[in-house]
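Novice: give me coordinates for this.
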Amino acid sequence: MGANHARVYSGLKGAELVAVVDADRARADEVAQLYGCLSLANVGELAGTVDAVSVAVASAAHAEVGCALLDQGIACLIEKPLAPTEVEAAALVEASARSGAPLLVGHIERFNPAVAQLREIVGSGHRLLAVEARRMSAVSGRVTDIDVVTDLMVHDLDIVLDLVGEDVIDVTARGVMQGGAPGDDFVTALLTFASGTLAILTASRVTQNQIRQLQVTTDQRFFTADYSNQELLIYRQGRVGGIDDGPADASRYVLDVGTERVFVRRIEPLVAELQHFLSVARGDEPPLVTGEAALAALRLVWEIRRQVHERGS
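Specialist: Numbers count the residues shown, from 1 in each chain. Next up, the predicted model:
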């Protein structure tokens, strides 16, 4: 992800990519050469030279690196998950508050244009009844230090919490472990919110087909958002037309379901995220994903993991 951040920063107007930092100096040199910036091996060398930093190191190092930068007043975008423990996540939130340096957490799906459109539509008078999110793929060597809930489901937990906007009052979770990376490889969780809204989330890293889908049922419509294709569909019950015999006669007819495809202006979510981060760093906008919001999603991650572990032990 760090290399992807460098690629996008190098092409953004109004910002200069100053340096890339990596403990693997050869890797830092490789990326720096690609994008014409400095190559550094220690984050301490950034002091006084930058205004904002993307932190895309291993999750276990987020708190150490992030707190060091935030304490210097440097705005930080920290990749998800914010931190592996509540103590470390809270330390990052406190460091940001202490120094006044803004903290944005890299829940990139918030910047998916299909999700942004969905949020705008359901926020205009819809009552959410149920949400279903599926994030499934085959085994990958990209992430080996965290479980499937922390790696994949956390994306959808963040989206669901933002869409529903209520406290979760009950969590039930089950999982299956195939082996390999730490933790379970297939997990399903059922969340109940204060108003009774339900959310069902499934994450898998042992499914042969890749699925990135969010479905929302409201009191008015049914929505399907495809993260990968940046596609948003709206389904509505069709109406019977041209029948004068009243409701009793209309009940004999099968009602068609109308489908509407929402126009979504496609953009690479990372580009949108980093553009937003630069605005946050300049003080023009508040962070879309705060440290507190990321911590709320992580608390659900830890509860789901706890339940899955207890059921499996």
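Novice: quick one: low-confidence parts of this structure?
Specialist: Where the chain drops to pLDDT under 70, the residues are 139-145, 179-183, 237-256, 312-313.
Novice: what comes up buried for the longest helix seen in it?
Specialist: Of all the segments assigned as helix in the chain under DSSP state H, the longest by residue count is helix 291-312. Of the residues in helix 291-312, those with enough neighbours to count as buried (16 or more other C-beta atoms under 10 Å) are 291-298, 300-301, 303-305, 307-308. Heads up, the C-betas are built off the backbone N, CA and C, glycines and all.
Novice: ok, now stretch 186-199?
Specialist: Buried residues in stretch 186-199, defined by neighbour count with 16+ other C-beta under 10 Å: F186, V187, T188, A189, L191, F193, T197, L198, A199.
Novice: got phi/psi on G2?
Specialist: Note on G2: its backbone torsions stand at phi -60, psi -40 [degrees, to the nearest 10].
Novice: quick one: contacts for the residue nearest to it when sequence neighbours are not counted?
Specialist: If the residues on either side of it in the chain are set aside, G2 comes closest to A56, at 3.9 Å by C-beta to C-beta, 6 or more residues apart in numbering. Each residue near A56 by C-beta atoms under 8 Å, 6 or more residues apart in numbering is listed here: M1, G2, H5, E79, G106.
Novice: for L12, which residues are in contact?
Specialist: Residues V271, L274, Q275, L278 are the ones in contact with L12 under the rule C-beta under 8 Å, 6+ apart.
Novice: what about the last one, which SS state?
Specialist: Just to be clear, that refers to L278. Of the three states, L278 takes helix according to DSSP: H, G, I helix; E, B strand; the rest coil.
Novice: how close does the nearest residue to it once chain neighbours are set aside sit to A6?
Specialist: If the residues on either side of it in the chain are set aside, L278 comes closest to A15, at 5.4 Å by C-beta to C-beta, 6+ apart. When distances are taken as C-beta to C-beta, to the nearest Å, A15 and A6 turn out to be 12 Å apart.
Novice: for T202, phi and psi?
Specialist: Its backbone dihedrals place T202 at phi -130, psi 130, with angles given as degrees, to the nearest 10.
Novice: what about it, how many residues close to it?
Specialist: By the measure other C-beta atoms under 10 Å, the count of residues near T202 is 20.
Novice: what ranges does this structure have for its strands?
Specialist: Secondary structure of the chain (DSSP state E): strands located at 19-21, 38-40, 52-55, 75-79, 103-106, 128-136, 168-176, 186-193, 198-204, 211-218, 222-226, 231-237, 257-261.
Novice: who's in contact with the longest helix of the chain?
Specialist: Taking C-beta under 8 Å, 6+ apart as the criterion, the residues outside helix 291-312 that touch it are 80-83, 86, 89-90, 92-93, 96, 103, 105, 107, 147, 149-150, 153-154, 157-158, 161-162, 168, 171-175, 177, 183-184, 187, 189, 191.
Novice: check stretch 22-29 too.
Specialist: The list of residues contacting stretch 22-29 from outside it, by C-beta under 8 Å, 6+ apart, reads G2, V20, V21, V31, S39, L40, A41.
Novice: need the residues you listed in JSON lines with neighbour count and distance to T218, can you?
Specialist: Converted to JSON lines, those look like this (neighbours: other C-beta atoms under 10 Å; distance: C-beta to C-beta, whole Å):
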{"residue": "G2", "neighbour count": "17", "distance to T218": "39"}
{"residue": "V20", "neighbour count": "25", "distance to T218": "44"}
{"residue": "V21", "neighbour count": "23", "distance to T218": "45"}
{"residue": "V31", "neighbour count": "20", "distance to T218": "44"}
{"residue": "S39", "neighbour count": "17", "distance to T218": "50"}
{"residue": "L40", "neighbour count": "18", "distance to T218": "49"}
{"residue": "A41", "neighbour count": "13", "distance to T218": "51"}
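Novice: which of those sits closest to T207?
Specialist: When the contacts of stretch 22-29 are compared for distance to T207 (C-beta to C-beta), G2 comes out closest, at 27.3 Å.
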